[in-house]
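[1] Can you look at this prediction? I've put the sequence above it.
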There are 4 protein chains.
Amino acid sequence: MAYEKAELVKRLASIEGHIRGIQKMVEDETYCVDVLKQTFAVQRALNKFEGELLRGHLSTCVPNGFKDGRNDQMAKELADIFELSKR
Amino acid sequence: MAYEKAELVKRLASIEGHIRGIQKMVEDETYCVDVLKQTFAVQRALNKFEGELLRGHLSTCVPNGFKDGRNDQMAKELADIFELSKR
Amino acid sequence: MAYEKAELVKRLASIEGHIRGIQKMVEDETYCVDVLKQTFAVQRALNKFEGELLRGHLSTCVPNGFKDGRNDQMAKELADIFELSKR
Amino acid sequence: MAYEKAELVKRLASIEGHIRGIQKMVEDETYCVDVLKQTFAVQRALNKFEGELLRGHLSTCVPNGFKDGRNDQMAKELADIFELSKR
């Protein structure tokens, strides 16, 4: 496996808690701008999570994939990741 | 209040469930690329949530803020939102 | 006018020169990664240009627009800018 | 070389012309929002240029790099590209 499972699960648990906190803010009718600042913080945390996952992918799965001759699959997946990461 | 509380809480509950699903994927040692595609989907859902919140803010809080003469606060908050939304 | 014309024209002239430099790199068959790093730098320069323009817009045109009762136009334009800035 | 030189130079020439058009708009004191819409269009054109360049990189340089055992360089460069593309 190309990633540190416990570390990534911990990050996701923290993001889940953050989302629950934002739900509470909305229920309490918090000012829009303060809610937005929290969702942007969640997006930054997701960016970091994705960076972590990608680093593992690039240092493990990708070299193995190219060694095994699965070049097209590797190239296609990385192009998709690049494309999707910009939305 | 500038937003439809029930609608936004529902969106957040769905995002929270999505995050929990990704935690399960990581625990099951799912292939990195498949995990990444799901976190990108969560970010798109957050973008939509933010768009919704911002529309309410722009059509309610912002006109009221300028009417009340809180011009600097309104301008500063919108510039911050623009800046933060790009990270 | 909500912006410092000379300053913004100068920024655009510098971006134009940067683009011409990248054209030269491509003609010289420079390594893809080095070309990409330069286009990312241009995107950051465009982000700064847009931030500058937006600050002027928010501190001048937007308050005037709301004062004049053009609330729907102001809100629609800002929502569009937010949406377009994420692509 | 991993890219179609003539095609990419043509794209850059078009982007350069677009930037010059925006300079003219600023000199003519065009409304901020209309200027912003044009710079966002330039950024979308740069995104497409980068996607084109990356596809060539992934289908040519990257497989060759891994075949030659330059795994660390390839992984590092791709992680950098992912990181820089989000700014």
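    Looks like it arrived, so ask away. Computed from a predicted model, the values in this text were never measured in an experiment. Residues are numbered from 1 along each chain as shown, chains lettered A, B, ... in the order given.
[2] okay, which residue is most central for chain A?
    residue A:50 (3.2 Å; Cα atoms, centre = their mean).
[3] what's near enough to touch the nearest residue to it once chain neighbours are set aside?
    Nearest non-adjacent residue to residue A:50, counting by Cβ to Cβ, 6 or more residues apart in numbering or on different chains: residue B:39, 5.5 Å away. For the C-beta atoms, the positions are set from N, CA and C on the backbone; glycine is no exception. Residues counted as contacts of residue B:39 (Cβ atoms under 8 Å, 6 or more residues apart in numbering or on different chains) are A:46, A:49, A:50, A:53, B:22.
[4] Hmm, the first one is touching residue B:41, no?
    Spelled out, it's residue A:46. No - judged on Cβ atoms under 8 Å, residue A:46 makes no contact with residue B:41 at a distance of 10.6 Å.
[5] So which of these two has more stuff around it?
    Neighbour totals were compared for residue A:46 and residue B:41, and residue A:46 leads with 20 against 15 (other Cβ atoms under 10 Å in any protein chain shown).
[6] Might you calculate how far the helix or strand containing the more buried one sits from the centre of the chain?
    For residue A:46, the host element (DSSP states H and E) is helix A:32-56. In terms of Cα atoms, centre = their mean, to the nearest Å, the centre of helix A:32-56 is set 8 Å apart from its chain centre.
[7] buried residues in it?
    A:32-33, A:35-36, A:38-40, A:42-43, A:46-47, A:49-50, A:53-56 (16 or more other Cβ atoms under 10 Å in any protein chain shown).
[8] That helix vs helix B:32-56, what angle?
    With axes from the mean of the first three to the mean of the last three Cα atoms, to 10 degrees applied, the angle from helix A:32-56 to helix B:32-56 works out at 170 degrees.
[9] What's the mean pLDDT across helix A:32-56?
    Mean pLDDT, computed over helix A:32-56, is 96.
[10] Could you pull up the residues touching residue A:74?
    Contacts of residue A:74 by Cβ under 8 Å, 6+ apart are A:62, A:65, A:66, D:58, D:62, D:63.
[11] err, residue A:49, not the other one
    Taking Cβ under 8 Å, 6+ apart as the criterion, residue A:49 is in contact with A:8, A:11, A:12, A:15, B:39.
[12] Any chance you could note which residues of chain A sit beside chain D?
    A:47, A:51, A:54-55, A:58-59, A:62-63, A:66-67, A:71-72, A:74-75, A:78-79, A:81-83, A:85-86 (Cβ under 8 Å from any Cβ of the partner chain).
[13] Report the buried members of the residues you listed.
    For the residues of chain A next to chain D, a burial check counting by 16+ other Cβ under 10 Å picks out A:47, A:54-55, A:58-59, A:62-63, A:66, A:71, A:74-75, A:78-79, A:81-82, A:85.
[14] Now intersect those residues with the strands, please.
    Per DSSP state E, strands hold no members of those.
[15] Which two of these have the greatest separation?
    Among these, the pair separated by the greatest distance (Cβ to Cβ) is A:47 and A:71, at 28.0 Å.
[16] Relative to residue B:37, how far out is residue A:10?
    Distance, residue A:10 to residue B:37, by Cβ to Cβ, to the nearest Å: 21 Å.
[17] Could you do residue A:57 as well?
    On the measure of Cβ to Cβ, residue A:57 and residue B:37 end up 12 Å apart.
[18] likewise residue A:18?
    From residue A:18 to residue B:37 the distance is 21 Å (Cβ to Cβ).
[19] Please apply the same query to residue A:9.
    Distance from residue A:9 to residue B:37, by Cβ to Cβ: 18 Å.
[20] Among the contacts of residue A:74, which one sits closest to residue C:26?
    Using Cβ to Cβ, the contacts of residue A:74 come closest to residue C:26 at residue D:58, 17.5 Å.
[21] Does that closest one touch residue A:81 like I think?
    No - Residue D:58 is beyond contact range of residue A:81, at 10.3 Å (criterion: Cβ under 8 Å).
[22] My guess is residue A:50 contacts residue B:36. True?
    Yes - Residue A:50 is within contact range of residue B:36, at 6.0 Å (criterion: Cβ under 8 Å).
[23] out of the contacts of residue A:74, which one sits closest to residue C:4?
    Closest to residue C:4, out of all of these and judged by Cβ to Cβ, is residue D:58, at 41.8 Å.
[24] The residue nearest to residue A:60 when sequence neighbours are not counted - how many residues pack around it?
    Nearest non-adjacent residue to residue A:60, counting by Cβ to Cβ, 6+ apart: residue A:2, 3.8 Å away. For residue A:2, the neighbour count with other Cβ under 10 Å is 18.
[25] Equivalent analysis for the one 4 residues further on, please.
    As a burial measure, the neighbour count of residue A:6 was computed by other Cβ under 10 Å and equals 10.
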